[in-house]
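Would you be able to build a 3D model of this:
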Amino acid sequence: MSSPCPCCRPDITPAIPRRRGGGRSLARKTADSIAHAVTDVLQNEELAARPGLLQRLDPRIKLLTLVLFAVTASLVHSVWVLVALIGVTIVLAAASRVGVASFARKVWLSAGLLAFLVAAPSALRVFTPGTVIVPLGPFSLTEPGLMGVATLVTRVVAAAGFALLIIWTMRWSDLLKALSAMRLPDVVVATLAMTQKQILTLLRTVEQIHLARESRTLTRGSVRANRAWVTERMAFVVRKSMKTADDVYDAMLSRGFTGAIPSLVRLRLRPRDWAWSAASIALCAAILYVDRVVGPR
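Now for the predicted structure:
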């Protein structure tokens, strides 16, 4: 009598192949990253719907005043005044019911770190002569160099903070309506509208492609095979995006598209918008005056 198949014996479980090297595969990592990016976009819409300070303002006023703050930050030379501007961004984030920790992390770890990496070499005595603060031989750091790095980093962080507040506290449709009201060319507004929509669609497509490969693969595969597969998928996404763009444009023309995208958003200025505008202009003027009095430090 023949012995039963090992797979049919109740005390033996068929072995499931493990992924070589452990950890997540390339497809899983890519799909998770894309899902995280899409989630961030959806969370931005949720933040824009909260009853915060900036969310209650007219999109045109909010866009103009926050851009005014960012331009003011680019004109300031004092590090301490720039630090105060960074404090203003944090206060506005808190008043707009935006997570302060998440806001600071995204601004400081992205814009701040990038600005520091770009400006750090200028602190060396080789590039910026002056009084040596940190003696490290050929890599000694000078006082003017360190002040220049601090000024650039704080300026970038302040300007990036105001820009992030625009994105997080304004719906995409409101932003497009504000740009149209500011007489931005219709072709630019239409391009921005379609770009945002199609990017989300393509992100979902890429995520599904990677999840499909993940569900049909038992091993991680070689680096060369993964690289070849990613290259092929990139070419596929490019072809699909071009085909989708042509199809969408043809569909818009067949429905009477003339270059302008109609919007159901009605913009109306209220007393709080005028009060915010006056306060923003006064604060920016005071910041520039204090910067002129204090001077670079």
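
so where's the stretch 1-150 of the chain shaky on pLDDT?
For the stretch 1-150 of the chain, residues meeting the criterion pLDDT under 70 lie at 1-44.

Where do the helices of it begin and end?
26-48, 59-75, 79-95, 100-106, 113-119, 143-168 (DSSP state H, counting those that start in this stretch).

And those: which comes nearest Arg213?
helix 26-48 (4.6 Å; Cβ to Cβ). Where C-beta positions appear, they are placed from N, C-alpha and C, glycine not excepted.

So for Ala235, which of the helices of the stretch 1-150 of the chain sits nearest?
helix 26-48 (15.6 Å).

Contacts only, for the residue lying closest to Gly161 once chain neighbours are set aside.
Of all residues not flanking Gly161 in the chain, Thr89 sits nearest, at 3.2 Å (Cβ to Cβ, 6 or more residues apart in numbering). By Cβ atoms under 8 Å, 6 or more residues apart in numbering, the contact list for Thr89 reads 103, 107, 158, 161-162, 165.

check contacts around Pro121.
Taking Cβ under 8 Å, 6+ apart as the test, what Pro121 contacts is Phe127.

mind running it again at 10 Å?
Neighbour list for Pro121: 127-128, 139, 145, 149 [criterion: Cβ atoms under 10 Å, 6 or more residues apart in numbering].

Just the closest of the residues you listed to Lys177, please.
Nearest member of the contacts of Pro121 to Lys177, counting by Cβ to Cβ, is Val149, at 39.8 Å.

Out of the contacts of Thr89, which end up buried?
With burial judged by 16 or more other Cβ atoms under 10 Å, the buried subset of the contacts of Thr89 is 103, 107, 158, 161-162, 165.

Pull the most distant pair out of those residues.
Largest pairwise distance in the buried ones among the contacts of Thr89, by Cβ to Cβ, is 12.9 Å, between Phe103 and Ala158.

Please identify the buried residues of stretch 80-98?
Applying 16+ other Cβ under 10 Å to stretch 80-98 flags 81-82, 84-86, 88-89, 92-93, 96, 98 as buried.

and which of the residues you listed is nearest to Ile281?
For the buried residues of stretch 80-98, the nearest to Ile281 is Val88 (14.1 Å; Cβ to Cβ).

The closest one reaches Gly161, doesn't it?
Yes - using Cβ atoms under 10 Å, Val88 is in contact with Gly161, at 8.3 Å.

what's the overlap in contacts for these two?
Counting by Cβ under 10 Å, 6+ apart, the residues touching both Val88 and Gly161 are 69, 73.

Could you point out the longest helix of the chain?
Ranked by residue count under DSSP state H, the longest helix found in the chain is helix 223-254.
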